[in-house]
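Undergrad: Just need the structure, nothing else, for what follows:
(one chain, ligands or ions: 3)
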Amino acid sequence: MPTEPSDRETTTVPDTDPRFEVPLRGISVDPETRCAHWDDPVDVVALRFGCCETYYPCDACHAGAADHEAVPWRRERFDEPAVLCGACGKRLTARTYLDSDDTCPACGAAFNPGCRKHRDRYFEVEGSDGGDDKDGL
Ligand SMILES: [Zn+2]
Ligand SMILES: [Zn+2]
Ligand SMILES: [Zn+2]
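TA: Numbering: from 1, shown residues only. Ligands and ions are numbered 1, 2, ... in the order given. Sure thing, here's the model as predicted:
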């Protein structure tokens, strides 16, 4: 492995990155949750996955750092914290994030608007057939 710049940490299962208040892991993560895959100034969110309730900067980080398939955050839990703003460290509920207009409501940091295009990887969306609906409660 090439040496990484010192502000970058790679954390894999079962460890979590001690720099963050929430369980978080990923590949070459900087202190504001940019990662090896998304490294622009606006790439400062980490997303919580339904499978392990752990935050990752992106789904490629989940693929590289976890030991299981990623499951998006479930719709019935959209009022729970599911997004970490890497700029201020605040946790946002899925609903707040999805309604946020690509800006952190806490600190005003700009989020990557391109994330909208692949929201379904992180959040269970209306009409997505997950094939694993547990609506029988
Ligand atoms: Zn997971
Ligand atoms: Zn990543
Ligand atoms: Zn923020």
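Undergrad: Give me the contact status of the helix ranked longest in the chain with ligand 1.
TA: Ranked by residue count, the top helix of the chain under DSSP state H comes out as helix 59-65. No - applying CB under 5 Å from the ion, one finds helix 59-65 out of contact with ligand 1, separated by at least 5.6 Å. Where C-beta positions appear, they are placed from N, C-alpha and C, glycine not excepted.
Undergrad: For that helix, buried residues please.
TA: 59-62, 64-65 (16 or more other CB atoms under 10 Å).
Undergrad: what's the helix or strand just after that helix packed up against?
TA: Remark: after helix 59-65, the chain's next helix or strand is strand 81-85, criterion DSSP states H and E. The contact analysis (3 or more CB pairs under 8 Å, 6 or more residues apart in numbering; DSSP states H and E) places strand 81-85 against strand 45-48, strand 91-93, helix 94-98.
Undergrad: List, one by one, the residues from this protein near ligand 2.
TA: Selection of the chain residues close to ligand 2 by CB under 5 Å from the ion yields 35, 37, 57-58, 60-61.
Undergrad: Those residues: which two are farthest apart?
TA: Farthest-apart pair in those is 57 and 60; separation 8.6 Å (CB to CB).
Undergrad: Can you work out which residues contact both of the two?
TA: 35, 37 (CB atoms under 8 Å, 6 or more residues apart in numbering).
Undergrad: Enumerate the beta-bridge partners assigned to residue 56.
TA: Following DSSP bridges, residue 56 is listed with bridge partners residue 47.
Undergrad: From residue 85, how far off is it?
TA: According to CB to CB, to the nearest Å, residue 56 and residue 85 sit 14 Å apart.
Undergrad: more neighbours, these two?
TA: Of the pair residue 56 and residue 85, residue 56 is the one with more neighbours under other CB atoms under 10 Å, namely 29 against 24.
Undergrad: didn't that one look like it was pressed against residue 64?
TA: No - here residue 56 does not reach residue 64: they are 9.1 Å apart, not a contact under CB atoms under 8 Å.
Undergrad: shared neighbours, those two?
TA: residue 26.
Undergrad: Against which helices or strands is the longest helix of the chain packed?
TA: Using 3+ CB pairs under 8 Å, 6+ apart: helix 59-65 touches strand 26-29.
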